[in-house]
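Undergrad: missing the sequence, but the structure's below:
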């Protein structure tokens, strides 16, 4: 084997060793049929004993079925197991309102995850190389990404997806293919200038080489440096998150603002990114983080729409982050009786007792536990979401008040208004749950039967 052939093979072998892979370990190799993945398949067939080649047909071209047959034949020549999958990527893109590139990536990774589970593979090996890394960094730089984006692709992601050719250039891969007579198929979409990556590859990088002939290696080095620094910041933020976290559930995160701003700005950004990541599984835009930080620094209480259904609001030294809104609720509550409210992870219960026994339960009242005159209530109450135009007579007041004005007086954050529940009797609000009962249903000295009503969280 010549020295220039050995360069690529040696780089892949080193990457496998550093990732803790062994020769006997079963590994998946994603192979499209292009030169990069075909070289990777050839090398992997030499370095591991159990190589499973996976090909995803995106059905974007008339020749795509031929690609699958070609990869199957070449995999068989090297003694590799071949598994193919097919996905209508164009339809996936339309339905998911995403780009063709995003839809293709989603389809491939779904196939990789399924096959890896079926064959018991712990690693999925991919053919990205140094030039791909340079293109990724440039694309993210133009998008305005922070350090997490500019670190590019990491060699090993989630302990599963391994990219052993990131230290290898496209030119070195071509040399290996020539020296070893590696057959491959050209994908004409790689020349389609409608795709940003192709424009970066065919136009931007060649222009940048006029200023720096080694621009690919330079961008690769930048990404490598940022990977180390980003990893350090990530670890520090993971250690700090519990100190600023007040509340965390599926659609809501609340952070302690004074503690948050005590950290270095780099940790602040990462803590906000971590919080947003718990609400939104996709890519976290740097603009979301920046907008949230400006909200915190400005100490503004205005509701801020970050995008993708995520909203933020600073309120009473708290940063509240929400994904979506609560669905409107309307549940009938028998009196007496108990009803589970799975939509709010709660239970509402009502029991009736005599006026004579009232004093014995008086100490239990407050917050989410109230007492009302049972004879003023209808036998079936309605627990529902607050609505625009709601009015009621707060306990201790003679006149009615708009619920919206009451919530402002209570300093209840606007971002959480959709969580507010009211208990209604015959069209009149008897209780703003957890906040105030209505004076119209108060227990009087003449009351004979008392309704004890409690709302409790079960989760």
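TA: Looks like it came in fine. Since we're looking at a predicted model, the values are computed, not measured.

Undergrad: Which segments of this structure make up each domain?
TA: Following automatic domain parsing, the chain resolves into domains at 3-222, 250-323, 330-457.

Undergrad: Let me have those in TSV, adding distance to residue 236 and mean neighbour count as columns.
TA: Heads up, the C-betas are built off the backbone N, CA and C, glycines and all. What follows is the domains of the chain, written out as TSV (distance: least, CB to CB, whole Å; neighbours: other CB atoms under 10 Å):
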stretch	distance to residue 236	mean neighbour count
domain 3-222	13	17
domain 250-323	6	17
domain 330-457	28	16
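
Undergrad: Specify the stretch among the ones you listed that is closest to residue 234.
TA: The closest approach between residue 234 and any of the domains of the chain, judged by CB to CB, belongs to domain 250-323 at 6.4 Å.

Undergrad: Any idea how far the closest one is from the middle of the chain?
TA: In terms of CA atoms, centre = their mean, to the nearest Å, the gap separating the centre of domain 250-323 from the centre of its chain is 14 Å.

Undergrad: Now the helix of greatest length in the chain: buried residues?
TA: The residue-count maximum for a helix in the chain (DSSP state H) belongs to helix 215-244. Buried residues in helix 215-244, counting neighbours by 16 or more other CB atoms under 10 Å, are found at 215-216, 219-220, 222-224, 226-227, 230, 233-234, 236-237, 240-241, 244.

Undergrad: Quick one: mean pLDDT for stretch 428-443?
TA: For stretch 428-443, the mean per-residue pLDDT is 94.

Undergrad: Now the terminal residues of it, how far apart.
TA: One end of stretch 428-443 to the other measures 16 Å (CA to CA, to the nearest Å).

Undergrad: next one: stretch 442-449
TA: Across stretch 442-449, the terminal residues are separated by 12 Å (CA to CA).

Undergrad: So which residues of the stretch 151-300 of the chain form helices?
TA: Assigned helices in the stretch 151-300 of the chain, in chain order: 170-179, 196-199, 205-208, 215-244, 257-262, 265-279, 286-298 (criterion: DSSP state H, counting those that start in this stretch).

Undergrad: tell me the SS of residue 347?
TA: Using DSSP: H, G, I helix; E, B strand; the rest coil, the structure places residue 347 in strand.

Undergrad: ok now do it, which residues does it touch?
TA: Shown here is residue 347, whose contacts under the criterion CB atoms under 8 Å, 6 or more residues apart in numbering are 338-341, 455-456, 458.

Undergrad: how much space between it and residue 291?
TA: If you measure residue 347 against residue 291 using CB to CB, to the nearest Å, the figure is 38 Å.

Undergrad: Any chance of JSON lines for the helices of the stretch 151-300 of the chain, columns distance to residue 14 and mean pLDDT?
TA: As requested, those are exported to JSON lines (distance: least, CB to CB, whole Å; pLDDT from 0 to 100):
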{"stretch": "helix 170-179", "distance to residue 14": "14", "mean pLDDT": "95"}
{"stretch": "helix 196-199", "distance to residue 14": "27", "mean pLDDT": "91"}
{"stretch": "helix 205-208", "distance to residue 14": "26", "mean pLDDT": "96"}
{"stretch": "helix 215-244", "distance to residue 14": "14", "mean pLDDT": "95"}
{"stretch": "helix 257-262", "distance to residue 14": "41", "mean pLDDT": "96"}
{"stretch": "helix 265-279", "distance to residue 14": "30", "mean pLDDT": "94"}
{"stretch": "helix 286-298", "distance to residue 14": "33", "mean pLDDT": "89"}
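
Undergrad: Please convert the ones you listed to TSV, extending it with distance to residue 312.
TA: TSV is the format used below for these (distance: least, CB to CB, whole Å):
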stretch	distance to residue 312
helix 170-179	42
helix 196-199	29
helix 205-208	37
helix 215-244	15
helix 257-262	12
helix 265-279	9
helix 286-298	5
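
Undergrad: Relative to residue 402, which of those helices is closest?
TA: Ranking the helices of the stretch 151-300 of the chain by distance to residue 402, with CB to CB as the measure, places helix 286-298 first at 27.2 Å.

Undergrad: just checking, what packs against the helix or strand following the closest one?
TA: Using DSSP states H and E, the helix or strand that follows helix 286-298 towards the C-terminus is strand 304-307. Other elements packing on strand 304-307 under the criterion 3 or more CB pairs under 8 Å, 6 or more residues apart in numbering; DSSP states H and E are helix 286-298, strand 310-315.

Undergrad: Report the strands that pair with strand 304-307, each with its relative direction.
TA: Sheet pairing for strand 304-307, assigned by DSSP bridges, gives strand 310-315 (antiparallel).

Undergrad: for the record, mean pLDDT for the strand it pairs with?
TA: 93.

Undergrad: Run me through the strand neighbours of the helix or strand following it, direction for each.
TA: Moving toward the C-terminus from strand 310-315, the first helix or strand encountered (DSSP H and E) is strand 318-323. Sheet neighbours of strand 318-323, with direction, are listed as strand 252-256 (antiparallel), strand 310-315 (antiparallel) (DSSP bridges).

Undergrad: Go through those strands and name the closest to residue 172.
TA: With respect to residue 172, and counting by CB to CB, the nearest of the strands paired with strand 318-323 is strand 310-315 at 42.8 Å.

Undergrad: do you know how far the residue nearest the centre of the chain is from residue 308?
TA: Here the mean C-alpha position of the chain is nearest to the C-alpha of residue 281 (CA atoms, centre = their mean), at a distance of 1.3 Å. With distances defined as CB to CB, the gap from residue 281 to residue 308 amounts to 10 Å.

Undergrad: swap in residue 32?
TA: 30 Å.

Undergrad: cool, residue 167 as well?
TA: Residue 167 sits at a distance of 35 Å from residue 308 (criterion: CB to CB).

Undergrad: wait, residue 28 sits on residue 126?
TA: No - proximity of residue 28 to residue 126 does not meet the contact threshold set by CB atoms under 8 Å, at 9.3 Å.

Undergrad: Might you quantify the distance of stretch 357-377 from its chain's geometric centre?
TA: Using CA atoms, centre = their mean, the mean C-alpha position of stretch 357-377 is found 44 Å from that of the whole chain.

Undergrad: And stretch 249-256, by the same measure?
TA: 14 Å.

Undergrad: contacts for it?
TA: Stretch 249-256 has contacts (CB under 8 Å, 6+ apart) with 243-248, 271-272, 275-276, 278-279, 317-324, 326, 416.

Undergrad: Next: stretch 138-156.
TA: Contact with stretch 138-156 is made by 15, 18-19, 128, 132-133, 136-137, 162-164, 166, 196-197, 200, 204-205, 219-220, 222-223, 226-227, 229-230, 233, 269, 273, 286-287, 289, as judged by CB under 8 Å, 6+ apart.
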